[in-house]
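In: Predicted model and sequence below, questions to follow.
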Amino acid sequence: MKNIIPLWAVLYLFMASCKSHSGTFCTKPNFVVSCFELKRNGEFKYDQGSCTGDSQGSGNYEIHGDSIVFKFSKNSQTSRSVFKIEKKSDIDKGIIVDLTVVDLQTKEPIVFYSAAIYSNKVLLGGKAGDLEGKANLVASFNQQPISIEVSNAGYYPINIEINEPGKYSVMGQMKSGGFNQIQEQDWIFKLVDLNKDSLVMEGFEDEGWSQTFLRNEKKKYKK
């Protein structure tokens, strides 16, 4: 006689599996603390705090085999920073951006800001601003719009979209007072382990990157 697993047992195992995918997981306190808050319905919230500022974002996450994908939703924060873009010349299948960023009020250069490049919501790379507030960004162009997100602690971000290849000059002016709100994009990691106690992830391209997030019962997800 074949062993038949009762329906209630199947449902119990399914719910137990779902439960292990929920909770709040944070890195150990250091100069930077990052937290992922996961819900059973597939929603997540991300927070990163440091002595220089905070980053926040939310959306939905999916697990596919050994991969976990965090899909950040388009946020409602209105940027109070501004920029001016000018196309200098044509380039075949690529973009070059000479970026300069200053404080909107003082006009002083903003140093060590982050300029991240995305194509179809996928991170391609990025640069940090130098002591003169300048950064040179280079990316390939494959018929998909290129997005550049400029962020710095304590400032409202700048979001730039480029729809055709070429060489560009961008002057950005960032307004102080905001936190870095993560824009619509995908973060993809190798999922090493996810259980009731920890979330462990590695980078697919950066094999040396690994991060462990431990369950934090004190921090609760609010929808």
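Out: Received the coordinates, thanks. Numbering: from 1, shown residues only.
In: So, low pLDDT: which residues of the chain?
Out: Residue ranges of the chain with pLDDT under 70: 1-20, 50-53, 75-79, 178-180, 205-207, 218-223.
In: Do a quick rundown of the helices in it.
Out: 7-20 (DSSP state H).
In: middle-most residue in it, spatially?
Out: residue 182 (5.5 Å; C-alpha atoms, centre = their mean).
In: Pull the contacting residues for that residue.
Out: Contact partners of residue 182, counting by C-beta atoms under 8 Å, 6 or more residues apart in numbering, are 46, 55-57, 72, 75. C-beta: built from backbone N, CA, C; applies to glycine.
In: Mind doing that once more with 6 Å?
Out: Neighbouring residues of residue 182 by C-beta atoms under 6 Å, 6 or more residues apart in numbering: 57, 72.
In: Find the nearest non-adjacent residue to residue 136, please.
Out: residue 98 (5.9 Å; C-beta to C-beta, 6 or more residues apart in numbering).
In: Across the sheet, point out what pairs with the one you found.
Out: Beta-bridge partners of residue 98, counted by DSSP bridges, are residue 136, residue 169.
In: how much space is there between it and residue 129?
Out: Separation of residue 98 from residue 129 (C-beta to C-beta, to the nearest Å): 12 Å.
In: So these two - more neighbours on which side?
Out: residue 129 (22 against 15; other C-beta atoms under 10 Å).
In: Could you report the distance from the closest residue to the more buried one other than its chain neighbours to residue 84?
Out: Spatial nearest neighbour of residue 129, excluding adjacent residues (C-beta to C-beta, 6+ apart): residue 113 at 4.3 Å. Remark: distance between residue 113 and residue 84 (C-beta to C-beta) = 17 Å.
In: Neighbour count: these two, which is higher?
Out: Using other C-beta under 10 Å, the more surrounded residue of residue 113 and residue 84 is residue 113, with 23 against 9.
In: State whether the more buried one and residue 130 are indeed in contact, as I suppose.
Out: No: with contacts counted by C-beta atoms under 6 Å, residue 113 stays clear of residue 130, the gap being 9.8 Å.
In: check contacts around residue 199.
Out: 25, 213.
In: I'd like the distance between it and residue 30.
Out: Distance, residue 199 to residue 30, by C-beta to C-beta: 17 Å.
In: Check the gap between the closest residue in space to residue 82 that isn't next to it in sequence and residue 44 for me.
Out: Leaving aside its chain neighbours, residue 82 sits nearest to residue 173 (5.2 Å; criterion: C-beta to C-beta, 6+ apart). Distance from residue 173 to residue 44, counting by C-beta to C-beta: 32 Å.
In: repeat for residue 110
Out: 30 Å.
In: What residues of the top strand by length along the chain count as buried?
Out: Determined from DSSP state E, the single longest strand within the chain is strand 53-64. For strand 53-64, the neighbour count (16 or more other C-beta atoms under 10 Å) marks 55, 57-59, 61 as buried.
In: Repeat that for stretch 81-91.
Out: For stretch 81-91, by 16+ other C-beta under 10 Å, it's 81, 83, 91.
In: any idea which of those is the one closest to residue 139?
Out: Using C-beta to C-beta, residue 91 is the member of the buried residues of stretch 81-91 that sits closest to residue 139, with 10.7 Å.
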